[in-house]
Each structure stands twice: as structure tokens, then as C-alpha cells.
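Engineer: Just to be clear, the model below is a prediction. Sequence and coordinates:
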Amino acid sequence: MEFEKLQKIIGEVLNVDADEITLETTFVDDLGADSLDIFQIIMGIEEEFDIEIANEEAENIVTVGDAVDQIKNALN
């Protein structure tokens with residue numbers, strides 16, 4: 001469930017097909033995201049899941065799977 005919502009957020013921010021996003025997809029290398037894009041994605045995650053991701057944790061998010069892990073940790 002988290003992954004599907006995250007795909008939608010990433011697709012909207014980066015204007016990419018959500019179906020092409022996998023857990024192994026990297027934000028910078030695969031999707032071409034810059035720091036502003038990543039910031040917008042993290043803001044979207046925080047809003048969608050009503051969580052807060054600390055800056056230190058956000059810096060460790062490299063792949064979509066990393067983001068899913070952060071969401072799951074924040075929800076538990």
C-alpha cells in the first residue's frame with residue numbers, strides 16, 4: 001500500500017509513469033531527480049502519510065525502497 005501511494009507521488013512530481021517505478025529505482029540516477037524534486041517528494045510523503053521525515057533520514061533515501069522503509073518506520 002505504501003509503495004503504490006509512493007509511486008503516485010513520484011509520478012506526479014517527476015512526471016514519469018508510476019508503473020515504471022520499482023523498489024530498486026533510484027531517485028537521482030534512474031529518475032533524474034534533483035534536490036528540489038526529492039524535497040517535493042518527501043513533502044508529498046509527509047502529507048500523504050501524515051508523518052515527518054527528519055533531514056538526516058531524508059539524506060539516506062537513495063532508492064524508492066529506502067523511502068518505503070522510512071514510511072514504514074515512521075508509521076510503526
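Structural biologist: Happy to help now that I have it.
Engineer: Buried ones in stretch 62-76, by neighbour count?
Structural biologist: Neighbour counts over stretch 62-76 (16 or more other Cβ atoms under 10 Å) mark 63-71, 74 as buried. The way it works is simple: take the backbone N, C-alpha and C, and place the C-beta from them, glycine included.
Engineer: Run through the bridge partners of the residue nearest to residue 24 when sequence neighbours are not counted.
Structural biologist: Computed as Cβ to Cβ, 6 or more residues apart in numbering, the closest residue to residue 24 that is not its neighbour in sequence is residue 63, at 6.0 Å. Under the criterion DSSP bridges, residue 63 forms beta bridges with residue 26.
Engineer: Residues contacting the worst-scoring helix or strand of the chain on mean pLDDT, please?
Structural biologist: Lowest on mean pLDDT, DSSP states H and E among the helices and strands of the chain sits helix 55-58, with a mean of 92. Helix 55-58 has contacts (Cβ atoms under 8 Å, 6 or more residues apart in numbering) with 38, 42, 70.
Engineer: quick one: pLDDT of the residue most central in space within the chain?
Structural biologist: Centrality entry for the chain: nearest residue to the mean C-alpha point is residue 67, 4.8 Å, by Cα atoms, centre = their mean. According to the prediction, residue 67 has pLDDT 96.
Engineer: Next, the contact list for residue 61, please.
Structural biologist: Residues near residue 61 by Cβ under 8 Å, 6+ apart: 27, 38, 42, 53, 67, 70.
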